[in-house]
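# Predicted structure and sequence below. I'll ask about it afterward.
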Amino acid sequence: LGYWEVKVAARGRYRVTLRFPPDASSVQAELRIGPIRRVAEFDSGTQSMTFEPVSLSPGDCRVEAILHFPDNKSIGVHYVDMEKLP
């Protein structure tokens, strides 16, 4: 598990996509950005999960993205893409 220290340059709504290798079981994805926490379930074979809109304020924050498995195992994702929405 890990995290990224991110500087949000502009207030706004963002699309946040978590990317990871496909797994053989259903999984829960958790996204944390500062005080914001989002959770979503997805089925096996999925390689990404998108959360939108995520409203962010300018400044420094910590981004954490975690996959929770049914056997209580948790791992981090490989990539997090953040895109400001128009």
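Done, it's in.

# wait, W4 sits on G76?
No - using Cβ atoms under 8 Å as the test, W4 is too far from G76 to be in contact (10.0 Å). Every C-beta, even on glycine, is put in place using the N, C-alpha and C of the backbone.

# Identify the contacts common to those two.
Counting by Cβ atoms under 8 Å, 6 or more residues apart in numbering, the shared contacts of W4 and G76 are E64.

# Centre-most residue in the protein?
Centroid check for the chain by Cα atoms, centre = their mean gives L31 as the closest residue, at 3.8 Å.

# So that one, which state does it fall into?
Put simply, L31 is strand when judged by DSSP: H, G, I helix; E, B strand; the rest coil.

# helix or strand right after the lowest-mean-pLDDT helix or strand in the chain?
Counting by mean pLDDT, DSSP states H and E, the weakest-scoring helix or strand in the chain turns out to be strand 74-76, with a mean of 92. Once the chain leaves strand 74-76, the next helix or strand it forms, by DSSP states H and E, is strand 79-84.

# any idea how far V27 is from G34?
As defined by Cβ to Cβ, to the nearest Å, V27 lies at a distance of 24 Å from G34.

# got the contact list for the closest residue to R62 other than its chain neighbours?
Leaving aside its sequence neighbours, R62 sits nearest to Y3 (Cβ to Cβ, 6 or more residues apart in numbering; 5.1 Å). Residues in contact with Y3 (Cβ under 8 Å, 6+ apart) are R62, V63, E64.
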